[in-house]
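A.B. asks: need coordinates for the below:
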Amino acid sequence: MPKNKKRNAPHRGGSGGGCGSGAAAATATAATAGGQHRSIQPFSDEDASIETMSHCSGYSDPSSFAEDGPEVLDEEGTQEDLEYKLRGLIDLALDKSAKTRQAALEGIKNALASKMLYEFILERRMTLTDTIERCLKKGKSDEQRAAAVLASVLCVQLGPGIESEEILKTLGPILKKIICDGTAGIQARQTCATCFGVCSFIATDDITELYSTLDCLENIFTKSCLKEKDTNGVCSTPYTALHISSLLSWTLLLTICPISEGKKRLEMHFHKLPSLLSCDDVNMRIAAGESLALLFELAREMESDFFYEDIESLTQMLRALATDGNKHRAKVDKRKQRSVFRDVLRAVEEQDFPTETVKFGPERMYIDTWVKKHTYDTFKEILGSGMQYHLQSNEFLRNVFELGPPVMLDAAMLKTMKISRFERHLYNSAAFKARTKARSKCRDKRADVGEFF
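C.D. replies: Sure, this is the predicted structure:
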């Protein structure tokens, strides 16, 4: 991973005037199952009729995009079918029912996470941005979450450039307002913090906007750090999940900061993060530990002779977490925590990182730094099962992870690489039976004894 991601990011010039189809009107039409058209009423939170929900389910079942992923979309004729469904979902995202709108947003997101649809999106970018803006402003918590995730996947599809910059310019202030709004739902604020970080990572071209975003996120997660005076440690609150998302987004954006600004912010917050290691929420402890490992990595890249003054106290705390045996904590939490903090301790003491391998298609990617790991984990959270497909096809992500241009595969090679679900099921069943028989022979010693009688 380069020291300064911004300098190695793709060219941020625009791709031309991809203006899209314009803002969606207050009244739109959606195709019904019988091929007729019906009028969609202006945006409101009234409940939908049974008829409306039946139309929506045909377009917006998330499993239709999420379960099979890009495999289904590769088959002949499905590109047109997918675009037809997406056009219907875009119309339904303006429906009068909150449930219908949310399902439509999730359906669009799942499709965009599973397939590269750059040209399709470019033509409808303004309509989609308009729709997301309305849902963020007028929707409730679940709808706001779906809209925020769709905004981030939209930026992932478009990559850096004028189009993504305009999306962030429109939606960024709204996302920031929700994050800082104490009356908004916690889950909506948490999701908006993650998606705001991703959109800013992709689209921020103005350095002052990047600093403003970092300030916003710092103001959120440092509210947990301020409790370090408590000798009993930091107690988790209903806002802990929001603080975790803000911390992780802040850490992501720190990786693309200019060196001078990075040093400044490290000096401001390095001494605050260790207090989060005493939080009684395991996810906060892990987020703080991984963030510290990444900050140490950045600091050592900025200064070869970097020295942390309170290193002995910090390593003692990390070693305690890496060998934690407290009985009042769940076994699953302790196992997960010990695994993470063994790696964090090695990073702080030995400047070491255990290399991980990610396979996608015929390619492999080696994750060998904390910066690369954090970036991968963040985009995987947004794209889900579509992450492997985007690593193969998305030029922006391939640039971020230094994978080079997409590898072109011919149809014959793709066919040999793909295995149907039924074939996978048969193979797994046969392997399971063979493994069970082999283990049974080794475990049942009575079989050998019985031969003597």
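A.B. asks: now for Arg189: which residues touch it?
C.D. replies: 178-179, 181, 242 (Cβ atoms under 8 Å, 6 or more residues apart in numbering). Heads up, the C-betas are built off the backbone N, CA and C, glycines and all.
A.B. asks: kindly report the same for Ile382.
C.D. replies: 113, 149, 152-153, 156, 194-195, 198.
A.B. asks: now these in CSV, with distance to Leu254?
C.D. replies: Putting the contacts of Ile382 into CSV (distance: Cβ to Cβ, whole Å) gives the following:
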residue, distance to Leu254
Ala113, 26
Val149, 22
Ser152, 18
Val153, 23
Val156, 20
Thr194, 15
Cys195, 17
Val198, 14
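A.B. asks: for Thr127, state which of these is nearest.
C.D. replies: Val153 (15.6 Å; Cβ to Cβ).
A.B. asks: name the element the closest one belongs to?
C.D. replies: helix 141-158 (DSSP states H and E).
A.B. asks: tell me the angle of the next helix or strand along the chain from that helix relative to helix 141-158?
C.D. replies: Once helix 141-158 ends, the next helix or strand along the chain (criterion: DSSP H and E) is helix 162-180. Between the axes of helix 162-180 and helix 141-158, defined by axes from the mean of the first three to the mean of the last three Cα atoms, to 10 degrees, the angle is 150 degrees.
A.B. asks: average pLDDT for the next helix or strand after helix 162-180, rounded please.
C.D. replies: Toward the C-terminal end, the helix or strand that comes next after helix 162-180 (DSSP H and E) is helix 186-203. What helix 186-203 shows for mean pLDDT is 97.
A.B. asks: who wins for neighbours among the contacts of Ile382?
C.D. replies: Neighbour counts for these (other Cβ atoms under 10 Å) peak at Ser152, which has 29 neighbours.
A.B. asks: my guess is that one meets Ser200, correct?
C.D. replies: No: using Cβ atoms under 8 Å, Ser152 is not in contact with Ser200; the gap is 9.9 Å.
A.B. asks: ranking by neighbours, what's the top pick from the contacts of Arg189?
C.D. replies: The residue in the contacts of Arg189 with the most neighbours, by other Cβ under 10 Å, is Ile179 (27 neighbours).
A.B. asks: I figured it hits Cys216, correct?
C.D. replies: Yes: with contact defined as Cβ under 8 Å, Ile179 reaches Cys216; the gap is 6.6 Å.
A.B. asks: overlap in contacts of the two?
C.D. replies: Phe196.
A.B. asks: which one of the contacts of Ile382 sits closest to Ser440?
C.D. replies: Among the contacts of Ile382, Ala113 lies closest to Ser440 (Cβ to Cβ), at 42.5 Å.
A.B. asks: got phi/psi on that closest one?
C.D. replies: phi -80, psi -20 (degrees, to the nearest 10).
A.B. asks: residue boundaries of the strands in the stretch 351-453 of the chain?
C.D. replies: For the stretch 351-453 of the chain, applying DSSP state E, counting those that start in this stretch gives strands covering 356-360, 363-367.
A.B. asks: just say which of those strands is most tucked in.
C.D. replies: Neighbour counts (mean count of other Cβ atoms under 10 Å) averaged over each of those peak at strand 363-367, with a mean of 15.
A.B. asks: which strands or helices does that strand pack on?
C.D. replies: Counting contacts by 3 or more Cβ pairs under 8 Å, 6 or more residues apart in numbering; DSSP states H and E, strand 363-367 packs against strand 356-360, helix 387-393.
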